[in-house]
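Participant: make a model of this:
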Amino acid sequence: MSETRTRLTEDMKKAMKEGDKELLAVVRMMLNEVRNAEINDLKEPGRARTEAEVVQLLAAYQKLLQKSLAEYPPDRQVPLKAELGIVERYLPEALSGAELESFIKDYLGKTSERTFGILMKGLQGELVGRVDGKSLSETLKRVLG
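Facilitator: Alright, predicted model coming up:
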(Lines give C-alpha, C1' and ligand atoms only; values in the text may rest on other atoms or scores of the structure.)
Protein backbone atom coordinates (compact mmCIF):
# COMPACT_ATOMS: atom_id res chain seq x y z
CA MET A 1 0.00 0.00 0.00
CA SER A 2 1.30 3.46 -0.83
CA GLU A 3 2.50 5.79 1.91
CA THR A 4 -0.16 8.40 1.17
CA ARG A 5 -2.95 5.82 1.14
CA THR A 6 -1.75 4.46 4.48
CA ARG A 7 -1.70 7.99 5.88
CA LEU A 8 -5.24 8.60 4.57
CA THR A 9 -6.46 5.39 6.21
CA GLU A 10 -4.85 6.28 9.54
CA ASP A 11 -6.24 9.82 9.40
CA MET A 12 -9.70 8.42 8.66
CA LYS A 13 -9.54 6.23 11.76
CA LYS A 14 -8.32 9.17 13.84
CA ALA A 15 -11.08 11.46 12.52
CA MET A 16 -13.70 8.82 13.40
CA LYS A 17 -12.38 8.51 16.95
CA GLU A 18 -12.24 12.29 17.40
CA GLY A 19 -15.58 12.95 15.72
CA ASP A 20 -14.06 15.31 13.12
CA LYS A 21 -16.81 15.02 10.52
CA GLU A 22 -15.31 17.50 8.06
CA LEU A 23 -11.93 15.76 7.91
CA LEU A 24 -13.58 12.35 7.85
CA ALA A 25 -15.76 13.27 4.85
CA VAL A 26 -12.85 14.63 2.80
CA VAL A 27 -10.50 11.75 3.63
CA ARG A 28 -13.21 9.24 2.72
CA MET A 29 -13.72 11.06 -0.59
CA MET A 30 -9.99 10.84 -1.36
CA LEU A 31 -9.86 7.15 -0.44
CA ASN A 32 -12.88 6.55 -2.67
CA GLU A 33 -11.06 8.23 -5.57
CA VAL A 34 -8.19 5.77 -5.10
CA ARG A 35 -10.49 2.75 -4.72
CA ASN A 36 -12.49 3.73 -7.80
CA ALA A 37 -9.30 3.96 -9.84
CA GLU A 38 -8.35 0.46 -8.68
CA ILE A 39 -11.76 -1.02 -9.40
CA ASN A 40 -12.20 0.69 -12.77
CA ASP A 41 -8.76 -0.21 -14.11
CA LEU A 42 -9.55 -2.04 -17.34
CA LYS A 43 -6.13 -3.66 -17.72
CA GLU A 44 -5.60 -4.80 -14.12
CA PRO A 45 -8.80 -4.51 -12.05
CA GLY A 46 -8.09 -4.38 -8.34
CA ARG A 47 -4.38 -3.56 -8.67
CA ALA A 48 -3.22 -1.36 -5.80
CA ARG A 49 -2.12 2.09 -6.92
CA THR A 50 1.51 3.12 -6.56
CA GLU A 51 2.50 6.19 -4.54
CA ALA A 52 2.90 8.25 -7.74
CA GLU A 53 -0.55 7.16 -8.96
CA VAL A 54 -2.18 8.05 -5.63
CA VAL A 55 -0.56 11.49 -5.69
CA GLN A 56 -1.71 11.94 -9.30
CA LEU A 57 -5.30 11.05 -8.32
CA LEU A 58 -5.24 13.50 -5.42
CA ALA A 59 -3.75 16.21 -7.66
CA ALA A 60 -6.61 15.65 -10.13
CA TYR A 61 -9.10 15.93 -7.25
CA GLN A 62 -7.40 19.16 -6.13
CA LYS A 63 -7.66 20.57 -9.65
CA LEU A 64 -11.37 19.68 -9.76
CA LEU A 65 -11.94 21.51 -6.47
CA GLN A 66 -10.05 24.56 -7.74
CA LYS A 67 -12.25 24.68 -10.86
CA SER A 68 -15.37 24.37 -8.71
CA LEU A 69 -14.11 27.14 -6.46
CA ALA A 70 -13.86 29.49 -9.44
CA GLU A 71 -17.48 28.74 -10.38
CA TYR A 72 -19.01 29.20 -6.91
CA PRO A 73 -20.13 32.61 -5.67
CA PRO A 74 -17.85 34.04 -2.95
CA ASP A 75 -20.39 33.48 -0.17
CA ARG A 76 -20.46 29.71 -0.89
CA GLN A 77 -16.71 29.16 -1.24
CA VAL A 78 -15.85 28.62 2.43
CA PRO A 79 -16.59 24.85 2.55
CA LEU A 80 -14.75 24.29 -0.73
CA LYS A 81 -11.72 26.19 0.52
CA ALA A 82 -11.70 24.07 3.67
CA GLU A 83 -11.92 20.87 1.61
CA LEU A 84 -9.16 22.10 -0.69
CA GLY A 85 -6.97 22.82 2.34
CA ILE A 86 -7.41 19.27 3.58
CA VAL A 87 -6.61 17.76 0.16
CA GLU A 88 -3.45 19.88 -0.12
CA ARG A 89 -2.13 18.38 3.15
CA TYR A 90 -1.66 15.08 1.32
CA LEU A 91 0.09 16.46 -1.76
CA PRO A 92 3.81 17.11 -2.05
CA GLU A 93 4.92 20.69 -1.45
CA ALA A 94 4.46 22.87 -4.54
CA LEU A 95 7.56 24.27 -6.25
CA SER A 96 8.18 28.00 -6.48
CA GLY A 97 9.04 29.55 -9.84
CA ALA A 98 12.77 29.57 -9.10
CA GLU A 99 12.71 25.98 -7.80
CA LEU A 100 10.82 24.85 -10.91
CA GLU A 101 13.28 26.56 -13.22
CA SER A 102 16.20 24.99 -11.35
CA PHE A 103 14.55 21.55 -11.52
CA ILE A 104 14.01 21.91 -15.29
CA LYS A 105 17.63 22.95 -15.85
CA ASP A 106 18.85 19.95 -13.85
CA TYR A 107 16.52 17.68 -15.82
CA LEU A 108 17.77 19.08 -19.12
CA GLY A 109 21.35 18.47 -17.98
CA LYS A 110 20.57 14.77 -17.57
CA THR A 111 19.09 14.29 -21.06
CA SER A 112 19.99 15.16 -24.62
CA GLU A 113 16.31 15.38 -25.59
CA ARG A 114 15.07 18.83 -26.62
CA THR A 115 11.63 17.99 -28.06
CA PHE A 116 9.09 20.01 -26.08
CA GLY A 117 6.37 17.33 -25.92
CA ILE A 118 8.70 14.57 -24.80
CA LEU A 119 10.28 16.83 -22.17
CA MET A 120 6.84 17.90 -20.88
CA LYS A 121 5.76 14.28 -20.49
CA GLY A 122 8.92 13.36 -18.60
CA LEU A 123 8.77 16.41 -16.35
CA GLN A 124 5.08 15.89 -15.57
CA GLY A 125 5.91 12.36 -14.44
CA GLU A 126 8.65 13.68 -12.16
CA LEU A 127 6.62 16.58 -10.75
CA VAL A 128 3.22 14.98 -10.12
CA GLY A 129 1.25 17.14 -7.70
CA ARG A 130 4.04 19.69 -7.28
CA VAL A 131 3.28 22.02 -10.21
CA ASP A 132 0.38 22.64 -12.59
CA GLY A 133 0.75 21.98 -16.30
CA LYS A 134 0.45 25.62 -17.34
CA SER A 135 3.30 26.79 -15.10
CA LEU A 136 5.45 23.85 -16.19
CA SER A 137 4.80 24.56 -19.87
CA GLU A 138 5.56 28.28 -19.58
CA THR A 139 8.75 27.70 -17.58
CA LEU A 140 9.97 24.97 -19.93
CA LYS A 141 9.41 27.22 -22.96
CA ARG A 142 11.33 30.01 -21.25
CA VAL A 143 14.23 27.73 -20.34
CA LEU A 144 14.37 26.17 -23.80
CA GLY A 145 13.92 29.53 -25.59
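Participant: outline the domain layout of this protein.
Facilitator: As given by automatic domain parsing, the domain ranges for the chain are 3-88, 97-144.
Participant: next, format the ones you listed as JSON lines and append mean neighbour count and mean pLDDT.
Facilitator: Any C-beta I mention is one placed from the backbone N, CA and C, and that applies to glycine too. Converted to JSON lines, the domains of the chain look like this (neighbours: other Cβ atoms under 10 Å; pLDDT from 0 to 100):
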{"stretch": "domain 3-88", "mean neighbour count": "14", "mean pLDDT": "93"}
{"stretch": "domain 97-144", "mean neighbour count": "14", "mean pLDDT": "88"}
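Participant: what sits against the nearest residue to residue 7 once chain neighbours are set aside?
Facilitator: Spatial nearest neighbour of residue 7, excluding adjacent residues (Cβ to Cβ, 6 or more residues apart in numbering): residue 90 at 6.8 Å. Residues near residue 90 by Cβ atoms under 8 Å, 6 or more residues apart in numbering: 4, 7-8, 30, 58.
Participant: from residue 94, how far off is the residue nearest to residue 132 when sequence neighbours are not counted?
Facilitator: Nearest non-adjacent residue to residue 132, counting by Cβ to Cβ, 6+ apart: residue 63, 7.5 Å away. Distance of residue 63 to residue 94, given as Cβ to Cβ, to the nearest Å: 13 Å.
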